[in-house]
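> Structure for the following, please:
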Amino acid sequence: MTDARRDLLILGGGLVGMTLALAAARKGLSSHVVDRADPADLLAEGFDGRASAISTASWNLFGNIGLADQLEPLGCPIASIAVSDQLKPGAIDFRPGPDDGTLGRMFANRDLRQALFDAARDEPLIDWHAKSEVVTRQRGEHGVSATLQGGAVLHASLMVGAEGRASPTREDAGLVVAKWDYRHRAIVAGLTHELPHRNVAWEIFYPAGPFALLPMLDDAGGAHRSALVWTVDEGDASGVLKLSDRAFLAELHQRMGTLFGELISVGPRASYPLGFHHAARITADRLVLVGDAAHGIHPIAGQGLNLGLRDVGALVQVLGDGALLGLEPGDAQLLSRYEKWRGLDAFTVAFATDGLTRLFGIPGSLASAARRFGMAAVERTPVLKDFFMDEARGVTGDLPEMLKG
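Residues are numbered from 1 along each chain as shown. Predicted structure coming up:
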């Protein structure tokens, strides 16, 4: 059984993989998208309690692939970011000027998936193979293919590994990865609370790890909501997850005080192991990696998904420019350009987040005092604050056209 040849064979239909397929379609590039998951499971209520901060640049990308109208009412603007060391004096308040827009938007991952899946179903340039297991991958001089468990053989010019951190496509290609385990877990849950969050995203650092409170839209009944991302030691995670709701909220109160008044309720809790990995190379013959398949970072600055979406923008621009010159997507010149474009940016962001994780993990009052002195200096230096805000918004560096306004 053989399917028609497409430009791209995207292995992994998550947030990054499906965004890539839709962005490629805008350039006239066709795709096979293969994912082992059932879309109905991914969209089920309660499947994934995670939420994502979408930077200004990433929001531009969603707008340029036609998703802005559907997503706009579902996102909560981030008006400012407060960074604090254990809620002690010396915090930074990142707040853009009145003409600079927001620092991003918060979306439930489920809402992002729904918008992407709806668009993919209506796009004739995308062949979506859900609930499909890849048995073998082949890359040759003239094209690539993947054989699915049911016997279908999918052909394309370029293979894209987009399956996430444990990418079998990356492993199958023998691409070397530097990685380590932080021995931490991120506990995520939705909170309802007494006072409004005023669109402030809080990043509170404790020696055990960051404690983030991210603004979400009020629910249908008007209850104020935030998303929690609480980093705990691996050895403590099991016990924290077993706490009753009342005990869990009491633990949260110790770490956030009365920032949002009384904590009313907590939704289902989930946890995810935290680690770092970075592929030494993100291309091979007729193969590219995008998103977490190429680089997995700590969620300390909320940049993981945004880093993957920059991969998408760069790859689509490289392939689109190549098509204008008559080059097919697997051309080695195009893959070399993608490698050079994305390599430095991904490396810089990955090691910056790793450095922050280690810096704020140093225990002791002296280390805390030094961190707070440094943050106070940033707070008093407008040029530094603007630089960090532009980094958070994703508008620095050599930006792909689809990520520009």
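
> which residues touch the strand or helix carrying T136?
Using DSSP states H and E, T136 sits in strand 134-139. With Cβ atoms under 8 Å, 6 or more residues apart in numbering as the test, strand 134-139 has contacts from 11, 34, 36, 144-149, 159, 168-169, 172-173, 284-287. C-beta here means a position set from N, CA and C on the backbone, and glycine is covered the same way.

> Kindly report the same for stretch 53-62.
In contact with stretch 53-62 (Cβ under 8 Å, 6+ apart) are residues 19, 23, 68, 71, 75, 78, 101-107, 112, 115, 201, 214, 302-303, 305-306, 309-310, 312-313, 392-395, 399, 402-405.

> for stretch 75-88, same thing?
The contact list for stretch 75-88, computed with Cβ under 8 Å, 6+ apart, reads 53-54, 90-96, 102-107, 111, 198-206, 214-217, 256-257, 360, 368, 371-372, 375, 392.

> Are any of the contacts of stretch 53-62 buried, and if so which?
19, 23, 71, 75, 78, 102-107, 112, 115, 201, 214, 302-303, 305-306, 309-310, 312-313, 392-395, 399, 402-403 (16 or more other Cβ atoms under 10 Å).

> For N60, which three-state class applies?
Secondary structure state of N60, per DSSP: H, G, I helix; E, B strand; the rest coil, is helix.

> hang on, I meant D93
strand.

> correct me, but it touches E379?
Yes - D93 lies in contact with E379 (Cβ atoms under 8 Å); the separation is 6.9 Å.

> and for those two, which residues touch both?
Joint contacts of D93 and E379 (Cβ under 8 Å, 6+ apart) do not exist.

> Go ahead and flag the most central residue of the protein.
Nearest residue to the geometric centre of the chain (Cα atoms, centre = their mean): L305, 1.4 Å.

> Assumed S84 was part of a strand.
Yes - counting by three-state DSSP, S84 is part of a strand.

> Okay, and the beta partners of it?
I204 (DSSP bridges).

> Next one: it from A212, what distance?
11 Å (Cβ to Cβ, to the nearest Å).

> Look at the two and report which has more neighbours.
In this view S84 and A212 are compared by other Cβ atoms under 10 Å, and A212 has more residues nearby, 24 against 19.

> Just give the closest residue to the more buried one, not the sequence neighbours.
Nearest non-adjacent residue to A212, counting by Cβ to Cβ, 6 or more residues apart in numbering: V229, 4.2 Å away.

> and that neighbour, which of the three is it?
V229 falls in the strand class when you classify it by three-state DSSP.

> correct me, but it touches L214?
Yes - between V229 and L214 there is a contact at 6.9 Å, judged by Cβ under 8 Å.

> Point out where the stretch 101-250 of the chain drops to low pLDDT.
For the stretch 101-250 of the chain, no stretch is flagged by pLDDT under 70.

> picking up where we left off before, okay, and which of the contacts of stretch 53-62 map to strands?
R105, M106, F107, A201, L214 (DSSP state E).

> Can you tell me the closest non-neighbouring residue to the second one?
What sits nearest to M106 in space, not counting adjacent residues and going by Cβ to Cβ, 6+ apart, is C76, at 4.5 Å.

> secondary structure element for D386?
Assigned by DSSP H and E, D386 belongs to helix 382-393.

> nope, D7 is what I meant
Under the criterion DSSP H and E, the helix or strand holding D7 is strand 6-11.

> quick one: strands adjacent to that strand?
Going by DSSP bridges, the partners of strand 6-11 are strand 31-34 (parallel), strand 153-161 (parallel).

> Which one of these lies nearest to G140?
The closest of those to G140 is strand 153-161. By Cβ to Cβ, the value is 10.3 Å.

> what about dumping the CA coordinates of that closest one to CSV?
In CSV, the C-alpha atoms belonging to strand 153-161 read as follows (Å, rounded to 0.1, in the frame of the first residue of the first chain):
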residue,chain,number,x,y,z
VAL,A,153,4.3,3.4,3.0
LEU,A,154,4.5,7.2,3.1
HIS,A,155,6.9,9.0,0.8
ALA,A,156,8.3,12.5,0.9
SER,A,157,11.4,14.6,0.1
LEU,A,158,12.3,15.5,3.7
MET,A,159,11.8,13.7,7.0
VAL,A,160,11.1,15.8,10.1
GLY,A,161,11.6,14.5,13.6
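
> immediately after it, which helix or strand?
Downstream of strand 153-161, the first helix or strand assigned by DSSP H and E is helix 168-173.

> Give the other helices and strands that the next helix or strand after that next one contacts.
Counting by DSSP H and E, the next helix or strand C-terminal to helix 168-173 is strand 177-193. Here strand 177-193 touches strand 209-216, strand 224-233, helix 234-242, strand 263-266, strand 270-279, going by 3 or more Cβ pairs under 8 Å, 6 or more residues apart in numbering; DSSP states H and E.

> Of all these, which one is nearest K385?
Evaluated over the helices and strands packed on strand 177-193, closeness to K385 peaks at strand 209-216, with 19.4 Å, by Cβ to Cβ.

> who does the closest one pair up with?
In the sheet, strand 209-216 lines up against strand 200-206 (antiparallel), strand 224-233 (antiparallel) (DSSP bridges).

> want to throw those into JSON lines with distance to E251?
Listed next are those as JSON lines, based on distance: least, Cβ to Cβ, whole Å:
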{"stretch": "strand 200-206", "distance to E251": "12"}
{"stretch": "strand 224-233", "distance to E251": "9"}
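
> between the ones you listed, which gets nearest to L154?
For L154, the closest of these is strand 224-233, at 36.4 Å, according to Cβ to Cβ.
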